[in-house]
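Participant: structure of the sequence below:
(one chain, ligands or ions: 1)
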Amino acid sequence: MSRLPPVEITVYPYECDAYGHLNEAAYLTVFERARWEALARGPGSDLFRRHGVWPAVRRASVEFHKPAFPGDVLTVDLRLEKLGRTSVALSQRAVRGADGELLAEAQLTFVMIDAAGRPVAVPEEVAAVFGGRVSTRPGEMARYDVSDVTLAADIRGDGPALLLVHGFPLDRTLWAHQVATLSGWRRIAPDLRGMGASDAPAEGYVMATYADDLVRLLDRLGIARAVVAGLSMGGYVVFEMLRRHRDRVAGVVLVDTRADADSAEGRAGRDAMIQLAQAEGARAVAERMLPRVLGRSTQQTQPLLVEQVREMMARTPVAGMVGALRAMRDRADSTPLLPSIDVPALVVVGQEDELCPPSVAKALTGAIPSAAMTVISGAGHLAPLEAPTAVSRVMAEFLEHARDRVR
Ligand code: MLT
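Facilitator: Purely as a prediction, here's the structure:
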């Protein structure tokens with residue numbers, strides 16, 4: 001399946017023949033408009049230019065089923081049929097919104113070419129956008145001793161380092177799309193201690209330890225400096241890295257997170273959640289949290305993702321869950337740190353994030369001198385999973401600008 005959303009296209013009078021029907025040439029145009037519109041809403045219409053390739057159409061055929069008329073609104077979806085080394089075969093379907101009739105289908109084969117017109121391999125990000133290769137090869141999982149624990153991490157690609165820190169109670173697969181697509185960077189997505197496939201000792205969970213673990217992981221990998229992205233609790237860990245290991249942080253991406261400490265009410269909520277985890281287990285915590293971590297749109301339209309997140313949370317060891325809840329409850333207020341952040345900074349927030357809403361992200365951005373902010377529409381608290389192509393796209397743009405600071 002393609003990761004590009006279906007788009008709606010209106011049939012204009014000038015596209016129709018003397019009898020009012022959408023004509024053959026116009027159908028090709030409608031399908032083409034739908035593809036560019038889907039790209040613009042997803043990874044960006046400069047997707048191909050970013051990779052120095054162009055999709056040359058090698059074959060296009062349209063099969064008509066029913067006539068379309070001026071003013072009809074067509075929903076056009078897009079599917080990946082086949083991903084070759086240098087080619088991509090796609091199909092599109094145009095369905096009239098008013099009566100649900102399938103009006104036409106297109107079959108297209110593109111070959112990727114470079115500026116000289118030579119066929120080249122389909123770039124990873126392009127393949128991922130069209131639905132190929134992402135879930136099948138999320139990264140190379142490895143385990144690293146970092147002190148009293150071993151951490152699991154997905155590591156992929158070459159280039160300056162990008163460390164991706166997940167939130168609570170999640171794991172490294174939160175960043176699967178970014179690990180798969182942010183080519184030109186060495187992407188490192190670890191499981192924090194107590195979560196995912198990392199060790200989960202009974203005690204020893206404080207923000208400082210999570211930060212120190214990650215710096216030891218960088219040491220093990222021979223990495224001096226990394227751009228560090230953190231989602232929610234991952235953001236709290238990024239702040240701790242800045243406090244304790246500032247020289248190791250070359251840039252920050254703060255996703256669906258906040259700088260302030262827990263309020264008295266928030267701390268009481270943590271204690272209640274700790275009791276729930278201890279009394280009823282991780283699945284009970286997952287059920288409690290699920291409705292708030294995923295955006296409204298995701299809950300309505302992405303049932304498989306809802307299940308994936310439910311299972312990811314429910315797999316978390318109780319010791320790691322309780323430890324993280326205590327560490328978050330007792331974390332320092334990072335607001336005073338913000339004005340001193342002097343590395344490139346990007347703040348990303350899901351428009352439907354209820355836990356760290358756009359108003360919080362705006363305040364965060366305002367307090368960091370060089371920060372830029374992007375709001376991801378249709379996503380909640382887990383934007384990198386809910387709207388993966390949009391998040392990868394803004395991160396790719398940010399990283400391009402930050403690249404020189406990392407070396
Ligand atoms: C997270 O997603 O990491 C948590 O929701 C953060 C929190 O509870 O403060």
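
Participant: distance of residue 102 relative to residue 328?
Facilitator: The gap separating residue 102 from residue 328 is 50 Å, by CB to CB, to the nearest Å. The way it works is simple: take the backbone N, C-alpha and C, and place the C-beta from them, glycine included.

Participant: higher neighbour count, those two?
Facilitator: When neighbours are counted by other CB atoms under 10 Å, residue 102 and residue 328 differ, and residue 328 comes out ahead with 21 against 12.

Participant: now do the host helix or strand of that one, average pLDDT.
Facilitator: Following DSSP states H and E, one finds residue 328 within helix 318-329. For helix 318-329, the mean pLDDT works out to 98.

Participant: ok, now stretch 278-293?
Facilitator: So the average pLDDT for stretch 278-293 ends up being 96.

Participant: repeat that for stretch 377-393.
Facilitator: Stretch 377-393 carries an average pLDDT of 94.

Participant: what residues of it count as buried?
Facilitator: By neighbour count with 16 or more other CB atoms under 10 Å, stretch 377-393 contains the buried residues 378-393.

Participant: hmm, who's touching the helix holding residue 328?
Facilitator: 168-169, 192-195, 198, 200-207, 209-210, 233, 236, 262, 266-267, 270-271, 273-274, 277-278, 281-282, 285 (CB atoms under 8 Å, 6 or more residues apart in numbering).

Participant: neighbours around residue 72, how many?
Facilitator: There are 19 residues near residue 72, going by other CB under 10 Å.

Participant: so which bits of the stretch 51-200 of the chain are right by the ligand?
Facilitator: Contact residues (CB under 6 Å from any ligand atom) of the stretch 51-200 of the chain with the ligand: 167-168.

Participant: where along the stretch 51-200 of the chain do the strands fall?
Facilitator: For the stretch 51-200 of the chain, applying DSSP state E, counting those that start in this stretch gives strands covering 54-64, 73-83, 87-96, 102-113, 140-145, 150-156, 161-165, 186-190.

Participant: rank those strands by pLDDT, which is bottom?
Facilitator: Among those, strand 140-145 has the lowest mean pLDDT, at a mean of 81.

Participant: re earlier: ranking the strands of the stretch 51-200 of the chain by burial, who's on top?
Facilitator: Mean neighbour counts were compared across those using mean count of other CB atoms under 10 Å; the top stretch is strand 161-165, at a mean of 28.

Participant: tell me how far that one lies from the chain's centre.
Facilitator: 13 Å (CA atoms, centre = their mean, to the nearest Å).

Participant: name the element residue 361 belongs to?
Facilitator: Per DSSP H and E: residue 361 is located in helix 358-367.

Participant: could I get the buried residue list for that helix?
Facilitator: Using 16+ other CB under 10 Å as the test for burial, helix 358-367 gives 358, 360-361, 364-365, 367.

Participant: so which of these comes closest to residue 16?
Facilitator: Lowest distance from residue 16 to these (CB to CB) belongs to residue 358, with 42.0 Å.

Participant: report pLDDT for the closest one.
Facilitator: On the pLDDT scale, residue 358 is placed at 98.

Participant: thinking again about what came up before, rebuild the strands of the stretch 51-200 of the chain as TSV, extending it with distance to residue 373.
Facilitator: TSV is the format used below for the strands of the stretch 51-200 of the chain (distance: least, CB to CB, whole Å):
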stretch	distance to residue 373
strand 54-64	32
strand 73-83	30
strand 87-96	33
strand 102-113	33
strand 140-145	32
strand 150-156	27
strand 161-165	19
strand 186-190	23
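
Participant: close to the ligand: what parts of the stretch 301-407 of the chain are there?
Facilitator: 328, 355, 381.

Participant: change it to 8 Å
Facilitator: Where the stretch 301-407 of the chain comes near the ligand, counting by CB under 8 Å from any ligand atom, the residues are 328, 355-356, 381-382.

Participant: host element of residue 375?
Facilitator: Going by DSSP H and E, residue 375 is part of strand 372-376.

Participant: ok, which stretches of the stretch 151-300 of the chain are helices?
Facilitator: Assigned helices in the stretch 151-300 of the chain, in chain order: 176-181, 207-220, 233-244, 264-280, 282-293, 296-301 (criterion: DSSP state H, counting those that start in this stretch).

Participant: dump those to CSV, plus distance to residue 143 and mean neighbour count.
Facilitator: CSV is the format used below for the helices of the stretch 151-300 of the chain (distance: least, CB to CB, whole Å; neighbours: other CB atoms under 10 Å):
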stretch, distance to residue 143, mean neighbour count
helix 176-181, 16, 25
helix 207-220, 10, 20
helix 233-244, 19, 23
helix 264-280, 25, 14
helix 282-293, 22, 17
helix 296-301, 31, 16
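
Participant: thanks a lot, see you next time.
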